[in-house]
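> task: produce atomic coordinates for the following.
(one chain, ligands or ions: 1)
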Amino acid sequence: MDLLEKCRAYMRADEARDAGLYPYYPAFQGPADGGQAILEGAEVCMLGSNNYRALSINPQVIGAAQDALALYGTSATGSRLLSGNLDLHDDLEADLADFFGYEAALVFATGYMTNLGVVSALAGRGDLVYLDEKAHASLIDGAQLAAASGAVVRRFAHNDPGDLARQLAAAPTQSVLVATDGVFSMEGNLAPVAELVAVCEEYGATLLVDDAHGVGVFGLGRGVIEQAGMRGRVPLMTLTFSKSLASQGGAVLADARTIDFLRHTSRPQIFSAGLSPADTAAAHAALREIRRRADAEPVALAAAEHLRRALDALGYDVTWSAGPVIPVRFPDQTTMLSAQRLLLDHGVYTNAVLPPACEGYQLRIACTDAHTPDVLEAAIGVFASLREDLLPRYRQAA
Ligand code: PMP
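Sure thing, here's the model as predicted:
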């Protein structure tokens with residue numbers, strides 16, 4: 001059979017398009033600053049962005065990227081191992097290590113590549129990898145690469161250190177990597193970092209926390225490890241620049257020997273060009289800004305708490321979460337896609353999320369520092385006015 005036959009037979013997106021409910025690849029015009037965005041020529045309230053600290057439009061961050069463009073040009077044009085390493089990368093790594101309390105850091109081209117590159121370089125034949133069953137795709141894919149070179153990969157029940165402990169107690173004595181998200185991207189809930197540290201320390205396992213969504217938001221910007229009081233107790237931390245750090249790229253933080261090993265062995269690091277000068281400088285400027293604001297609670301947290309309560313009071317099926325992410329559940333795909341469309345028609349953009357990215361069907365709403373009370377009240381007004389259209393549907397289906 002022709003290899004590409006599966007592409008011609010793929011109907012899932014067409015079905016949504018035919019129903020006028022296709023929500024993906026929206027073409028925003030201009031910056032999605034976290035508060036407002038322009039879509040199809042109209043201003044929409046942006047409730048789908050990970051720009052938690054609204055730093056992608058911050059003048060210092062933009063200025064740093066512009067200066068780097070002017071000084072270094074548009075691209076690193078090579079692997080960092082050879083010609084593509086810039087002093088900008090080294091400077092950012094030094095500041096990341098200092099801010100997050102690790103000996104060293106290594107910057108990758110994306111957060112996805114960071115997890116892929118760390119897990120696949122550290123685990124192989126003779127090693128065991130345990131993943132939280134809701135771990136991000138990049139950790140799963142990294143573990144699959146590790147499995148291809150002989151590692152055994154297992155899952156532990158979501159946010160259940162007891163299940164992890166039971167499995168570790170029964171496991172053969174081997175070197176073990178345990179990996180989890182710090183903040184789960186779709187549900188917005190936090191990993192029980194202190195309990196996971198205790199289990200890993202008891203069984204001599206190495207813990208990796210991917211704090212893509214926690215950095216900049218929790219623990220005075222240092223993320224969930226700091227918030228849990230576990231600074232110095234989590235050997236491996238990864239993060240992305242594509243959320244609070246308002247750029248592209250990612251980084252791993254660890255002891256100096258581990259970082260040196262990864263610099264020379266991690267294939268996504270070695271066989272891909274270094275992060276671009278503008279992206280590197282933007283992430284660095286955003287880090288400085290987060291550090292500068294470290295004594296103030298992010299507006300995004302208070303905004304999300306307000307919105308969560310308002311939606312719950314209106315009767316929406318809001319899942320509890322502690323941070324800027326608010327999952328709103330719907331009983332089936334059509335109801336969820338219709339809700340997404342209706343909200344958009346009334347000027348509110350939300351993310352439509354389906355399995356396997358999450359359990360069930362949900363609109364993933366996220367708040368940022370740009371969500372001022374006025375912006376939020378307007379969005380809440382839309383949810384209130386659409387209640388009659390949206391809620392009876394989920395009552396019927398329940
Ligand atoms: N980890 C988690 C938990 C994420 O949610 C994401 C992005 N959604 C990533 C890693 C990958 O980050 P990036 O966008 O930098 O590739």
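
> pLDDT below threshold where in the stretch 151-300 of the chain?
Judged by pLDDT under 70, the stretch 151-300 of the chain has no weakly predicted residues.

> and the residue of the stretch 251-398 of the chain nearest the ligand?
Ala357 (9.5 Å; CB to the nearest ligand atom). All C-beta spots, glycine's among them, are computed from the backbone N, C-alpha and C.

> that residue is in contact with Met186, isn't it?
Yes. Here Ala357 lies in contact with Met186, judged by CB atoms under 8 Å, at a distance of 5.8 Å.

> same drill for these two, tell me which one is more crowded.
Met186 (20 against 13; other CB atoms under 10 Å).

> list the contacts of the more buried one.
Lys134, Val325, Pro327, Val353, Ala357, Cys358, Gln362, Arg364 (CB atoms under 8 Å, 6 or more residues apart in numbering).

> any idea what the fourth one is bridged to?
If I follow you right, that is Val353. Beta-bridge pairing of Val353 under DSSP bridges involves Gln362.

> can you give me the neighbour number for it?
20.

> ok, it touching Arg364?
Yes. Counting by CB under 8 Å, Val353 does reach Arg364; the two are 4.9 Å apart.

> what do the two both touch?
Contacts common to Val353 and Arg364, judged by CB under 8 Å, 6+ apart, are Met186, Pro327.

> need the residues of the stretch 101-250 of the chain near the ligand, please.
Residues of the stretch 101-250 of the chain lying near the ligand by CB under 6 Å from any ligand atom: 110-112, 115, 136, 138, 181, 185, 210, 212-213, 240, 242, 250.

> returning to that earlier point: residue contacts, the residue of the stretch 251-398 of the chain closest to the ligand?
Residues in contact with Ala357 (CB under 8 Å, 6+ apart) are Met186.

> got it, and Pro355?
Contacts of Pro355 by CB under 8 Å, 6+ apart are Tyr361.

> just say helix, strand or coil for it.
Here Pro355 is coil, with the state taken from DSSP: H, G, I helix; E, B strand; the rest coil.

> residues contacting the residue of the chain most remote from its centre?
Largest separation from the mean C-alpha position in the chain: Met1, at 38.1 Å (CA atoms, centre = their mean). With CB under 8 Å, 6+ apart as the criterion, no residue contacts Met1.

> from the ligand, how far out is it?
Met1 sits at a distance of 33 Å from the ligand (criterion: CB to the nearest ligand atom, to the nearest Å).

> what does the model give that residue for pLDDT?
We have a pLDDT of 86 for Met1.
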